[in-house]
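Engineer: All I have is the shape, not the residue letters:
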């Protein structure tokens, strides 16, 4: 893809966060129940069957056709 010919490509803004953004982020991560949330996520992921195999190649079955 030639990006110089594609005028639909935009770069992210380089503006800094505003004070209200910092306040919202602080409130989001400054919670007393973070450990409970983490335990809840861990428990629910534990019960997912089958466990995801992150190391497996999802396209391995295509090798015989290539």
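Structural biologist: Received, thanks. Because the structure is predicted, anything quoted here is derived from the model rather than measured. Numbering: from 1, shown residues only.

Engineer: Quick check: buried residues in the helix ranked longest in the chain?
Structural biologist: Scanning the chain for the helix with the most residues, using DSSP state H, yields helix 34-46. Within helix 34-46, no residue qualifies as buried by neighbour count (16 or more other C-beta atoms under 10 Å). The C-beta positions use only the backbone N, C-alpha and C, and glycine is treated the same way.

Engineer: what's the average pLDDT for that helix?
Structural biologist: Here helix 34-46 scores 88 as its mean pLDDT.

Engineer: what's in contact with it?
Structural biologist: Residues outside helix 34-46 that contact it (C-beta atoms under 8 Å, 6 or more residues apart in numbering) are residue 31.

Engineer: tell me which element residue 27 is part of?
Structural biologist: Element membership for residue 27, per DSSP states H and E: helix 19-29.

Engineer: Quick one: mean pLDDT over that helix.
Structural biologist: Across helix 19-29, the per-residue pLDDT values average to 87.

Engineer: Show me which positions of that helix end up buried.
Structural biologist: Residues of helix 19-29 classed as buried by neighbour count (16+ other C-beta under 10 Å): none.

Engineer: Give me the helices and strands touching it, please.
Structural biologist: Here helix 19-29 touches no other helix or strand, going by 3 or more C-beta pairs under 8 Å, 6 or more residues apart in numbering; DSSP states H and E.
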